[in-house]
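1. give me coordinates for this.
(3 chains)
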Amino acid sequence: MINPREYIEPGSSWPLGHAVPDQPATHTVKLNINGQDVHLKIEPWVSLLDALREYIGLTGTKKGCDHGQCGACTVLVDGKRINSCLTLAVMKQGCEITTIEGLAKGDELHPMQEAFVEHDAYQCGYCTPGQICSAIGLINEGIANTRDEISELMSGNICRCGAYPHILDAIEQVKGVAGHE
Amino acid sequence: MSLLQKLGVSAENLAPEITGKYIGKPISRVDGRAKVTGNAKYAAEFNIGTGILYGYVISSPIAKGKITAVNARQALSQKGVLNVFTHENVPGLAWFDRSYQDQDAPPGGSPFRPLQSDEILFSQQPIALVIAETFELARYASTLVHFEYEVKEELNVGLELNLYKAKKPKKHRFPVPKPRGDAEKALAGSVVKIEEAYYHGYEHHNPMEMFASTVIYGDDDRLTIYDKTQGVLNSQSYVKSVFGLSEDEARVISPFMGGGFGAGLRPQYQLYMAVLASLELKRSVKVVLTRQQMFSFGHRPATLQKISLGASAEGKLQAVINRCYSETSTFEEYTENVVNWSGQMYQCDNVMLDHKLVPLDLFTPLDMRAPGGVTGMYALEVAIDELAVKAGIDPLEFRLLNYAEKDQNLDKPFSSKELRECYRQGAERFGWNKRNPEAGATLEGNNLVGWGVATGCWEANQMPSRAKAMLSADGKLTVSSATADIGTGTYTVMTQVAAETLGVAMEDVLFKLGDSVLPMSPLQGGSWTMATVGSAVKLVCDQLKAKLFKMAKKVENSPFGNSKEEDVVFADRCISLKEDAQQYLTFTEIMRKSKVNYIEEDTTSLPNMLEQNEYSRFTHSAVFVEVKVDQDLGTVHVSRVVNAVAAGRIINTKTSRSQVLGGIVWGISMALHEDTVMDDNFGRFMNTNLAEYHVPVNADINDIDVIFVEEHDDIVNPLGVKGLGEIGIVGVAAAISNAVYHATGKRVRDLPIQLDKLL
Amino acid sequence: MNKFTYASVSTTDAAIAEMDEHDSPKFIAGGTNLLDLMKVNVENPDHLIDITQIAFNQIEATADGGLRLGALVTNADTAWNEEVEKRYPLLSKAILAGASPQLRNMATNGGNLMQRTRCYYFYDTATPCNKREPGSGCSAIGGYNRILAILGTSEHCIATHPSDMCVALVALGATINITGINGDRTIPITEFHRLPGDRPDLDNTLQAGDIVTSIDLPVQGFEKNYAYLKVRDRASYAFALVSVAAALTLEGNQIKEARLVLGGVAHKPWRSAEAEAALTHQEASVSTFEKAAAIALEGAKGYGDNTFKIELAKRAIVRALKQAAGLEEQA
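-> Take a look at the predicted model:
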């Protein structure tokens, strides 16, 4: 819901010279991250992704494009997969956030993590946390059943190394889907 | 079936299978756990929360001209903004071009020097670095720095518009072979011929991780640099020579790299920027590029190839001509091996090859997965398909008819070449013998179905490398080399080789890489890491074995008194006699009894050039593809791929399959998706994001089958491996193009094959 | 991204009051498009008003038997809603053709209406763009325009509206419920988006301070004979080069009523009343569809790189109508 009444005035050009508030107030935000309450004092312009990576030090969630075009930043918010790069941390007050760091129980990997290792469902590993969170989100949704459906609903996560068939193998194993197609 | 029988070599002719406890097995990655838990740390992820400063790069909005004024006042007035570096305030750095020439720099050029001049040489040129206490603030302040420009109007972009400027490079990294026979005359006399031009545009590597450097400024004024690179030593030597630092003053570390594909073969400018700011401010600084800025440096060059082929009525190749034009920048001459493949792949006595460069107002191109190979093989393999169609011969049979038994470019035999077997096994798995010879004749619903084949080829090189190994008394082995694991599986395969060689469990081996304090290793590229570093790891472990055995013989009551190394077996952390396994000493016993806590070896592995130079050394593949083309809408879907690869010994069948699979996905991407689009008016790439620069998503990839054809090669290196980083992609785009032709009867000669080209 | 202040509100009154207190405020809900544009300095609000706590989060029946989609219901929840799937499968299909699962979990129905163009030049502040900077010129005309508009363009702008959902909403005859300083009002979706004309900076007809509260779907859902066909450069997670929403009511083989709307070809979802008229009371056959396709593209203008869209759109229309009429299966 964007208000259309304002636009950059004619004549203004790069770089931008419009008025902006000098010091935006910081906000105190409580996020529940991987089962732990985290209180953050941050400015509203901090994305959830940057809050995790730069302010909390949870660098498992990756920045691949910062524009919602690759899926590397996928985390689960209240069980649903979202792009943390296009989310302001202040808007997630009180939410339960699960990142890649929150999936294993101690030394015991989450079955999806196990399956990714077993099926070599990665190469460089940079898209992997996002793929795994997305795959868990997909299973939570309970909609995709066939390999083709999983493939379509995993298409928000780009893997430049091209591990897609192995990613599907891993997810199918966890879902217990038999056979291909 | 007659065709398959013609394919020759049968399985019986091959040497017995090579396996070991670890080598040749489908072993899961040793760094897998780190990658699936988020513990693997990439360049931008070190020292969080330690007051590190953030740098944000400002990119030029113009493509050519001069900066006439800079005003950073408004940016600097922001609380928390520490500095804005531009050409006006950057200190004097190294003077000579050679100081800026890294290991992958084109020979003889003037590498781009960020922030050292008011000249704008290409769009998105980095023109300033804003340093602030937070990322958000640095990004914001970057919008407050005001520049004025004098724009130069005469912009040279667009390869085809500037062909008249084409010139021979002063020094080609891959010298083009002299003509053999008389290609023009042979072409004129050929009964069957084609003369066509093949083109692909700009492509950018776009690894998932954006380029990043974190420079930690130490109390002792020394820098620890976490850099995204395919070679820590390359980054280190660049930083040393540009900033006048000693080895101790700049340590470069890169334990994980979120994809390289060639982009990390040269130090990217964020490294320069971060080091510059860190040294000037005496603070730790991190600079991460944006996705848009990932389009601001090297790329696969736009390339045009004009190919003429001639054959006899029976389909014997009589003439090959390839005149190639590719772009370079105005300040460096980037060359890659595009045309040589045309003189090597098929038996032909009349060949004329030529490669010219067209300088454009862009950044210098950069090696990108199978550089030159995918380009040259794409054009050649489509041209061969066209010629086969004209000759009325099955395209696979046509390739067999003209099979090169030796490398005519070099006039040398191949060290090994199981390409025939690739054709045979690939064709069988794919079901090629059921192919309808008619193009445009198979319709399934709305889809035209087509099958295509193409050949792949890549160099099998070995480079010099060092490695170090240390075996401690508790039986733990640490092996190290300053190589990289850009997703290729280096950690895992080196661990396998070390464990296998020394007879210890993989769990007892730690392989270290990605640190400039480790023994020298070349850039990770060119598909040579397994051959190069693997050979060094094997050699150093062999030397460690010899040392340990020597010690074992000297211990009191040694069972090995007069034995020689060939009389014993190293297994399960023990040395035992081959003839009597009960006679053994554990590694721990040997060292305890010799009163040492560890033994160590450090060695240099050099390729046996004398022997290797007698041969032409290449990896080969045969790619079979099925496409479905919507007859009304033109959308192309690759429904099936079989890629049969002969790449020498396979160390790890699991990670190797992944590498080839990834290469095939890249081939699909090159054939159907990837294209960086230039606005000729602005000289600026326009689709500089992952929403509009298309690479395949999960739904684009279907059934892919990888076959490793057995191949034995004692020449290429002591391990008999040939490397897999590139071969998977080569040939795929051609096979898809050929399949699209077979499906539709339409020949598209420029990539990517987007639907509008088929309407 | 510039500095901005932030406030979260839970009522429309509070939202409107917040609007008044700032120079260039914006509402934010899913944020998927707004934050993207703020990061490239195309949108530069000084204040963000988080409206996600306002209770526009229901999908419920309307008094006349239609369905009301709350503006803050996510695209995913809308697409997978049982009623929507059953009664308005065209809408489900269109939503699921757009973006990615993650984005659909974030993006809201209201926000989907407000999506801005994906024109390369609009996104790149280094180039002139009349939509971003009125009067600066259109770089796409005479530039690279493969993804841009062929219908309803002006000499000032050839941007397209990128939504899939809106294409289906236009086909279904949705109405938009709006509240604002001047009270509540309801407008047909066809009057919501606009053509660029000489004001390409305006994407739609909303006034300052207006908030979309919900979208109403009429009773007629075309659940038997519908198709949403999206043609794009890769199999998923890509914007449409051309998309078609086709909805029919059939009596035997006779078309009683037809809706035909194109996406990816104009500054708004492009409904062709003429093409619909050419389909109505005709036999559902390929030749009827081809005639309608030709009529729908009358007046289309190519700009070079995008000229292929004219032919592509015709073929896509025929395909979508065949699918809607049950002459062939929908992929």
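
2. contact partners for residue C:161?
-> With contact set as CB atoms under 8 Å, 6 or more residues apart in numbering or on different chains, residue C:161 has these partners: C:115, C:117, C:193, C:203, C:263, C:266-269. Where you see a C-beta, it was placed from the backbone N, CA and C, and this is true even at glycine.

3. how about the strands in the stretch 101-250 of chain B?
-> For the stretch 101-250 of chain B, the strands defined by DSSP state E, counting those that start in this stretch occupy B:119-120, B:126-132, B:146-151, B:192-200, B:212-217, B:223-227, B:250-253.

4. circling back: which one (most neighbours) among the contacts of residue C:161?
-> Highest neighbour count within the contacts of residue C:161: residue C:263, with 35 neighbours (other CB atoms under 10 Å in any protein chain shown).

5. hang on, the earlier thing: tell me which of the strands of the stretch 101-250 of chain B approaches chain A most closely.
-> strand B:146-151 (5.9 Å; CB to the nearest CB).

6. partners of the closest one in the sheet?
-> According to DSSP bridges, strand B:146-151 forms sheet pairs with strand B:65-71 (antiparallel).

7. taking strand B:126-132 as reference, get the angle to the strand it pairs with.
-> 20 degrees (axes from the mean of the first three to the mean of the last three CA atoms, to 10 degrees).

8. buried residues, strand B:65-71. List them.
-> Residues of strand B:65-71 classed as buried: B:65, B:67, B:70 (neighbour count, 16 or more other CB atoms under 10 Å in any protein chain shown).

9. using PDB, write down the CA coordinates of that strand.
-> Output of strand B:65-71 as PDB, limited to C-alpha atoms (Å, rounded to 0.1, in the frame of the first residue of the first chain):
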ATOM      1  CA  GLY B  65      34.300  10.500 -19.400                       C
ATOM      2  CA  LYS B  66      35.800  12.400 -16.500                       C
ATOM      3  CA  ILE B  67      34.800  13.300 -13.000                       C
ATOM      4  CA  THR B  68      35.000  17.000 -12.800                       C
ATOM      5  CA  ALA B  69      33.900  17.600  -9.300                       C
ATOM      6  CA  VAL B  70      33.300  15.700  -6.100                       C
ATOM      7  CA  ASN B  71      31.400  16.900  -3.100                       C
END
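
10. pLDDT on that strand, on average?
-> On average, the pLDDT along strand B:65-71 is 98.

11. from residue C:88, how far out is whichever residue of chain C sits closest to chain A?
-> Relative to chain A, the nearest point of chain C is residue C:100 (2.5 Å; CB to the nearest CB). For residue C:100, the distance to residue C:88 (CB to CB, to the nearest Å) stands at 22 Å.

12. next one: residue C:173
-> Residue C:173 sits 11 Å away from residue C:88, going by CB to CB.

13. show me what the particular helix or strand that has residue B:735 in it is packed up against.
-> Residue B:735 belongs to helix B:732-744 when elements are defined using DSSP states H and E. Here helix B:732-744 touches helix B:373-391, strand B:447-459, strand B:618-630, strand B:636-646, helix B:653-672, going by 3 or more CB pairs under 8 Å, 6 or more residues apart in numbering or on different chains; DSSP states H and E.

14. let me know the angle separating it from helix B:373-391.
-> 30 degrees.

15. near chain C at all, the next helix or strand after helix B:732-744?
-> The first helix or strand that comes after helix B:732-744 along the chain, using DSSP H and E, is strand B:750-751. No. Strand B:750-751 stays clear of chain C (CB under 8 Å from any CB of the partner chain), getting no nearer than 13.1 Å.
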